[in-house]
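# Quick one: sequence and predicted model below, then my questions.
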Amino acid sequence: MIIVTGGAGFIGANLIKKINNLSNLEIIVVDNIKKNKKNINSLSFKDYYDKEEFISLVEKNKFKSKIKSIIHLGACTNTTENNWNYLKYNNIIYTKKLYEFSLNKNCQFIYASSASIYGNKSGAGAIKNFNYKPLNLYGKSKFELDKYFFKNSNKKVLSLRFFNVYGNLEYHKKDMRSPVSKFADELVRKKYIKLFKLLKEPSRDFIHVNDAISLLLFLKKKKVNGIFNIGTGTSETFLNIAKLIIQKKKYGEIRYINMPHSLKNKYQFLTKANISFLKKIDYKKTFLNIKKGINLTLR
């Protein structure tokens, strides 16, 4: 049996869909069903637990099923969240509880980290460096976990630092959606795409959700431990993303606006994953280029 927290979310629902297509493995979904029910309506899984209900079962040692893996994707992913106590409980304490639970069950533990931990660095440098300075509290919460698991010892845990994942089933994320999703939605509604008016063009490592899940499952199957970047190793500007969407839709324009003051000094201008580890683990699948990924998403 596999437990997927955040299973009704963007990456979680796509992951369960992929597992459904690959095998008949039993899956337990943990999430807040009230928000994202439509994401899992067509999926197959054994049972669903609300997050608080599941935590209660774990803390009281009442979850008796045999578990093969815990894939922990559930977290507050709002990069503008300023309530540290909220992030500390949802992203750090909750993850540590699940890790202890995985030890009790003697099962594999995988959790979602984030490229936001790199701060002003792109992520192209050393992965196991604990001197990065995240630009927001969400990134800090994920970095605290990576340090807890790997700074002083290498626990048998797999940390996945997701870069800019985009694709289907992310509309419920609203402002936290990928630029691909937000730009496409804005173009349909307003016939234009807004970009920040900046001295340098932001550029990010965009990875299609299908590729992100393919890499996740490959690492899971290899039963490796450590920190791994989930990105393509390439970077695309927001301007190019907007142009490709307009080209695909065959209408629209780009308009420039000032960056909100709340985002200044908290904005990553460049991300580009160090994926040198792919050769070491013999991962040979080619990532979708951004044009094909956008076309697949819009289709």
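Everything's here; your move.
# can you count the residues close to residue 4?
Neighbourhood size, residue 4 [other CB atoms under 10 Å]: 26. From N, CA and C alone the C-beta is placed, and that goes for glycine too.
# and if you look at residue 55?
For residue 55, the count of nearby residues is 18 (other CB under 10 Å).
# you'd agree it is in a helix?
Yes: under DSSP: H, G, I helix; E, B strand; the rest coil, residue 55 sits within a helix.
# mind listing what residue 241 touches?
Applying CB atoms under 8 Å, 6 or more residues apart in numbering, one finds that residue 241 lies in contact with 179, 180, 183, 206, 290, 294.
# Which strand or helix spans the third one?
So that's residue 183. Assigned by DSSP states H and E, residue 183 belongs to helix 179-190.
# Okay, and the beta partners of residue 162?
Beta-bridge pairing for residue 162 (DSSP bridges): residue 114, residue 230.
# ok so, going back, send me the helix or strand just after the helix holding residue 183 as CSV with only the CA atoms.
Next along the chain after helix 179-190, taking DSSP H and E as the criterion, comes strand 192-196. Extracted as CSV, the C-alpha positions of strand 192-196 are listed here (Å, rounded to 0.1, in the frame of the first residue of the first chain):
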residue,chain,number,x,y,z
TYR,A,192,-3.8,39.7,-22.8
ILE,A,193,-1.0,38.5,-20.5
LYS,A,194,0.5,40.7,-17.8
LEU,A,195,4.2,40.6,-17.1
PHE,A,196,6.2,42.6,-14.5
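# Residue 107 - nearest residue in space that isn't next to it in sequence?
If the residues on either side of it in the chain are set aside, residue 107 comes closest to residue 67, at 4.5 Å by CB to CB, 6 or more residues apart in numbering.
# Please state the backbone phi and psi of that neighbour?
Here is the backbone geometry of residue 67 (degrees, to the nearest 10): phi -120, psi 140.
# residue contacts, it?
By CB under 8 Å, 6+ apart, the contact set of residue 67 is 1, 2, 3, 102, 105, 107.
# before we move on, what about residue 43?
With contact taken as CB under 8 Å, 6+ apart, residue 43 is in contact with 13, 16, 17, 20, 29.
# Can you get me a residue count around residue 155?
Around residue 155 there are 15 residues (other CB under 10 Å).
# what sits against it?
99, 149, 225.
# what does residue 183 give?
Residue 183 makes contacts with 193, 241, 242, 245, as judged by CB under 8 Å, 6+ apart.
# And those, which two are furthest apart?
Using CB to CB, the contacts of residue 183 reach their maximum pairwise distance at 193 and 241, which is 8.8 Å.
# mind listing the strands for the stretch 151-299 of the chain?
With DSSP state E, counting those that start in this stretch as the criterion, the stretch 151-299 of the chain has strands at 158-162, 164-166, 192-196, 203-204, 206-208, 226-230, 236-237, 253-257.
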